[in-house]
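[1] Below is the sequence, then the predicted model.
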Amino acid sequence: MSKITILAGDFPSGNGHFSFRNFTLPGDSNHYLCETVNINQLESFNRVNRQMVTMLGVGERTERMLEDLTQDHVLFMARLKDKRRFVGLTDSRTFDKMIQARRIEGNKSEALTKAPSAA
């Protein structure tokens, strides 16, 4: 299980995880509940830069985190099919895993839509 940090968006800021094909995101402000989002539920998933995140008007805590970024950190933005969004931070290895999982799931979906019907 790989760690991600939610910085801004329609989910509360806090720690989350990515494993296999699922994001586990904070679901409430107290972090007692969480929400699991499958990679198939993503409409878009892109790497972003620090300036883009700053334009969102993030809090002081997030500003401090952005100042301490290293080369290994990756900022990304995800938009779900239900139009909710979040900006996250993770290490480059985890980001590569997310990209690979999204690519694999996309190929599976394409294969299912192109398969001939049994009728």
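    Received it, and whenever you're ready, just let me know what you need. Numbers count the residues shown, from 1 in each chain.

[2] need the contact list for residue 65.
    5, 7, 89 (C-beta atoms under 8 Å, 6 or more residues apart in numbering). Placement of C-beta: from N, CA and C, glycine included.

[3] least confident pick among the residues you listed?
    On pLDDT alone, residue 7 ranks lowest of the contacts of residue 65, at 88.

[4] Tell me which other helices or strands whichever strand or helix holds that residue touches.
    Element membership of residue 7, judged by DSSP states H and E, is strand 2-9. Helices and strands touching strand 2-9, by 3 or more C-beta pairs under 8 Å, 6 or more residues apart in numbering; DSSP states H and E, are strand 14-19, strand 22-26, helix 60-67, strand 85-91, helix 92-114.

[5] hang on, the earlier thing: with the contacts of residue 65 in mind, which one is nearest to residue 20?
    residue 5 (19.2 Å; C-beta to C-beta).

[6] Chain neighbours aside, what residue packs nearest to that closest one?
    residue 89 (4.5 Å; C-beta to C-beta, 6 or more residues apart in numbering).

[7] re the thing from before, mind listing what's buried in the strand holding residue 7?
    Judged by neighbour count using 16 or more other C-beta atoms under 10 Å, the buried positions of strand 2-9 are 4-9.

[8] Also stretch 42-49?
    Per 16+ other C-beta under 10 Å, stretch 42-49 contains these buried residues: 42, 45.

[9] gap between that stretch and the chain center?
    The chain centroid and the centroid of stretch 42-49 are separated by 8 Å under C-alpha atoms, centre = their mean, to the nearest Å.

[10] ok, and the helix or strand in this protein with the lowest average confidence?
    helix 60-67 (a mean of 77; mean pLDDT, DSSP states H and E).
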